[in-house]
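Colleague: fold the following for me, if possible:
(one chain, ligands or ions: 3)
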Amino acid sequence: MTLEGRRIEVRGTVQGVGFRPWIYRLACEEGLSGRVRNDARGVTIEAFGRPDALSSFLRRIETDAPPAARVREVRAEAIAPEQGSGFEIEPSRADGERDVSIPPDLATCPECLREVLDPADRRYRYPFTNCTHCGPRFTIARGVPYDRAATSMAAFRMCPRCEAEYVNPLDRRFHAQPNACPACGPQLRLVTATDDSPAAAGAPPDDPIVAAAARLREGAIVAVKGLGGFHLACDATAPAAVRRLRERKRRDEKPFAVMVSDLAAARRVAVIDEVEARLLESVERPIVLVRHRPGSELASELAPGSPLVGLLLPYTPLHHLLLAEAGRPLVMTSGNISEEPMAAKDGEALERLAGIADLFLLHDREIENRCDDSVARVIAAEPVVFRRARGYVPRAVRLRRPVARPVLACGAHLKNAFCLAAGDQAWLGPHVGDLDSLEACRSFEEQLGRLERFLGVKPELIAHDLHPDYFSSAYAQGRPEPRKVAVQHHHAHVAAAMAEHGLAGPVLGLAWDGTGYGTDGSAWGGELLLARYDGFERLATLRPLRLAGSDQAIRDVWRIALAALDDAFDGQPPLESLPLFARIPPRDVAVIRQMIARDVHAPSAHGAGRYFDALGSLGLVRARSSYEGQVALAWNLIAEEGEAGTYPFGLQEREHGPAQADLRPLVRAAVEDLVRGEAPGRVSARFHNAMADVGAALVRLAARQHGPRPVVLTGGCFQNAWLAEGVKLRLQGAFEVYLHREVPPGDGGLALGQAVVAAAVAWR
Ligand code: ZN
Ligand code: ZN
Ligand code: FE
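Modeller: Residues are numbered from 1 along each chain as shown. Ligands and ions are numbered 1, 2, ... in the order given. Sure thing, here's the model as predicted:
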């Protein structure tokens, strides 16, 4: 009998997902001897046996891997055979190059859930139950390789029964790093902010979940320590509780996410199709934006004026137990005040959330990496991630065109996420949020430092936005690495989509968003770019609107409406026939007109989002947005399904500079409809159809000049399902059209584009 040997290196997400025990079982089935171990690059196997068994083994590694694993690459080389006895799992090594694959956190698996609900099981009602198929990963990791000693579970010593599971290769908990049980693992406690003793919270000391649920049913607000941070929970069916949470959190109108016990409960409060159902139940468990079922038990205060509601299913046993005990949907919103980062440490939560939460449901396992809930929505029958965090981070995006040396990209200003790239992998960090507060900027630096350490990536090039005043740009300038590249905002958006879909370029990139700094210093945001990784040509844009007061106009959207009207009607708009202007004092109108006429603090902006603001303000009769994009979103959501009408627009090619879509005819037609008393929902639908026509026309114009290319739709405006689907539909057949999927279309995905552009520019 011939005996051969192979050294097999497996790369991808292969640590912390039950990969080694699975390899062990596979080797036993194939009758191989040898060993497997985690190393800093992934998993290495040395296997010995008959040639046919070895090739079958290799084939199955690629095809049969466990559900949470992502095998990216399998490399095998022949080595000298060893006469072995059996197969073993060796301890990890921390040496060598790091190309690590710590997996994202995984939602509780069905087997663990069954144990938690089984009174005969030793893990009955144990909120920290997990196995190799599920449980915390990234959020408890302190370093690499991903082993218990390098997680916040190191503080807990396994009891003999857990230990026996942990070392038994045939057990589902073999090398499940966070393995725990009621006898040896983390414990819950329910306390108040001022008095850290169970009695003070009025809880029977034996079951904090029962006590917390009882208080939630009475209308209390409870801070719940979860996987990646604290949630603020309250009864989602009680208007008074939701209102109180809103007041205390100082969050005027932004919607709250709601956790429901299971898919059936989700269907009772929302209309959910099959793709949405799969997304809700996926191991990533994002918040999914779905259509609220009118007349459901949910309090209307959750998402005022919006037909959408953000739902998520429980992803830890703690959530499952709490939801079952509460017997109703619960608000689960980030534990923070307005836009600050969510609290993740006990002390921090007790201090910062003291004025908000009545009670704190704590546990003694540290959260090592702050990671907010992810947010996704189904667009054109596929999921699109709007906010990429828990469940997705730190899964790498594979780069078809590797970066020559490691790169750090610092991201945008709002909805910031940074990105580290090395070789053919790019890691988008967790959603940090708006870099307006000291807290957020501190969190940015802290999380970046951690991920750098974690991945062992030492950047040699720093990419940042062209905008000189962003915190992220200033941070980049302050980095010690000498090489920096400033990347134009919309070029980065387009490149992010190219990288996500492995497109070599050039592409036609339609990048529509609120704003981004242009190479000419003006505000861009309605761009059509012919883009490669290392450069772009600006082929077309939208006719700009004046923003009187700059950022103030983004809140006082009536100012943008006025600018659009004056532009479209040559200074003679029918203000007296528009209900919006019945609410605006004529004095204010005069002031804004003067600012624009004298060109005082009234920049021109090309952002497509500004047209949504302007028409939304007129159609909804709303003068103000309480957060950026609020009016635009509300305007989108009232669009009447099935309305096929549209509005005209012009398209001017120009000798110098990009072509320009002239939206004045569109604004005039929409205003005439409104003045005539047409239903706002119908006007909104026609407006959206017209904007999709504009997008498609810009692409066709560019294709006539530069030949057909793949088309990517990117930028925050493409979170608008009507617009994204509309442009795609119009171009389908003639073009390959790509939407974002796991990389956010908004500024949360920007850093990926910055990284690949900077690398291409620096190492052409
Ligand atoms: Zn499990
Ligand atoms: Zn135990
Ligand atoms: Fe943007």
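
Colleague: list the buried residues for the helix or strand that contains Ala265?
Modeller: Using DSSP states H and E, Ala265 sits in helix 263-269. By 16 or more other CB atoms under 10 Å, the buried positions in helix 263-269 come out as 263, 265-267, 269. Placement of C-beta: from N, CA and C, glycine included.

Colleague: please apply the same query to stretch 59-76.
Modeller: 61, 65, 68-69, 71-72, 74, 76.

Colleague: list the buried residues in the longest helix anywhere in the chain.
Modeller: Counting residues, the longest helix found in the chain (DSSP state H) is helix 680-706. Of the residues in helix 680-706, 680-703 count as buried by neighbour count, 16+ other CB under 10 Å.

Colleague: where's the closest residue to ligand 3 within the chain relative to Val271, distance?
Modeller: Using CB to the ion, the single residue of the chain nearest to ligand 3 is Asp513, 3.6 Å away. Going from Asp513 to Val271 by CB to CB, to the nearest Å gives 29 Å.

Colleague: the two: which has the busier surroundings?
Modeller: Asp513 (27 against 14; other CB atoms under 10 Å).

Colleague: which SS class is that one?
Modeller: State at Asp513, reduced to three classes by DSSP: H, G, I helix; E, B strand; the rest coil: strand.

Colleague: check contacts around it.
Modeller: 489-490, 493, 525, 607-609, 715-717, 746-747 (CB atoms under 8 Å, 6 or more residues apart in numbering).

Colleague: coming back round to it: from the buried residues of stretch 59-76, which one has the minimum pLDDT?
Modeller: Within the set of those, pLDDT is lowest for Ala68 (76).

Colleague: what residues are up against that one?
Modeller: Here Ala68 is in contact with 13, 17-18, 103, 106, 133-134, 283 (CB under 8 Å, 6+ apart).

Colleague: backbone phi and psi for it, please?
Modeller: phi -90, psi -10 (degrees, to the nearest 10).

Colleague: same check, this time on Leu106
Modeller: According to degrees, to the nearest 10, Leu106 has phi -120, psi 140.

Colleague: what's the neighbour count on it?
Modeller: Counted with other CB under 10 Å, Leu106 comes out at 25.

Colleague: need the pLDDT of the residue of the stretch 451-600 of the chain found nearest ligand 1.
Modeller: Using CB to the ion, Phe454 is the residue of the stretch 451-600 of the chain that sits closest to ligand 1, at 24.0 Å. With respect to pLDDT, Phe454 has a value of 86.

Colleague: doesn't Pro394 make contact with it?
Modeller: Yes - using CB atoms under 8 Å, Phe454 is in contact with Pro394, at 7.5 Å.

Colleague: can you pull out the low-pLDDT segments for this structure?
Modeller: 1, 92-101, 195-205, 338 (pLDDT under 70).

Colleague: contact residues of it facing ligand 1?
Modeller: 109, 112, 131, 133-134 (CB under 5 Å from the ion).

Colleague: from those, which ones fall inside strands?
Modeller: Applying DSSP state E to these, no entry is found in strands.

Colleague: who wins for neighbours among the residues you listed?
Modeller: Counting neighbours by other CB under 10 Å, Cys134 leads the residues of the chain next to ligand 1 with 28 neighbours.

Colleague: which residues touch the residue lying closest to that residue once chain neighbours are set aside?
Modeller: What sits nearest to Cys134 in space, not counting adjacent residues and going by CB to CB, 6 or more residues apart in numbering, is Cys109, at 3.9 Å. Contact partners of Cys109, counting by CB under 8 Å, 6+ apart, are 131, 133-134.

Colleague: so how far is ligand 2 from Cys109?
Modeller: Using CB to the ion, to the nearest Å, Cys109 is found at 18 Å from ligand 2.

Colleague: identify the residues contacting the nearest residue to Tyr24 once chain neighbours are set aside.
Modeller: Of all residues beyond its chain neighbours, the one nearest Tyr24 is Pro169 (4.4 Å), with distances taken as CB to CB, 6+ apart. The contact partners of Pro169, by CB under 8 Å, 6+ apart, come to 21, 24-25, 89.

Colleague: same check, this time on Asp273
Modeller: Counting by CB under 8 Å, 6+ apart, Asp273 touches Val378.

Colleague: tell me the SS of the residue in the stretch 551-700 of the chain that ligand 2 sits nearest to?
Modeller: Relative to ligand 2, the nearest point of the stretch 551-700 of the chain is Tyr627 (45.8 Å; CB to the ion). The three-state label given to Tyr627 by three-state DSSP is coil.

Colleague: so it is in contact with Arg251, correct?
Modeller: No - with contacts counted by CB under 8 Å, Tyr627 stays clear of Arg251, the gap being 9.1 Å.

Colleague: out of these two, which sits in the busier spot?
Modeller: Arg251 (20 against 16).

Colleague: so where does that one fall, helix or strand?
Modeller: With DSSP H and E as the test, Arg251 turns up in no helix or strand.

Colleague: who does whichever strand or helix holds Arg25 touch, helix- and strand-wise?
Modeller: Secondary structure assigned from DSSP H and E places Arg25 in helix 19-30. The contact analysis (3 or more CB pairs under 8 Å, 6 or more residues apart in numbering; DSSP states H and E) places helix 19-30 against strand 33-39, strand 42-49, helix 51-63, strand 87-89.

Colleague: buried residues in that helix?
Modeller: Applying 16+ other CB under 10 Å to helix 19-30 flags 19-24, 26-27, 30 as buried.

Colleague: over to stretch 575-591?
Modeller: Buried residues in stretch 575-591, defined by neighbour count with 16+ other CB under 10 Å: 575, 578, 580-581, 584, 588-589.
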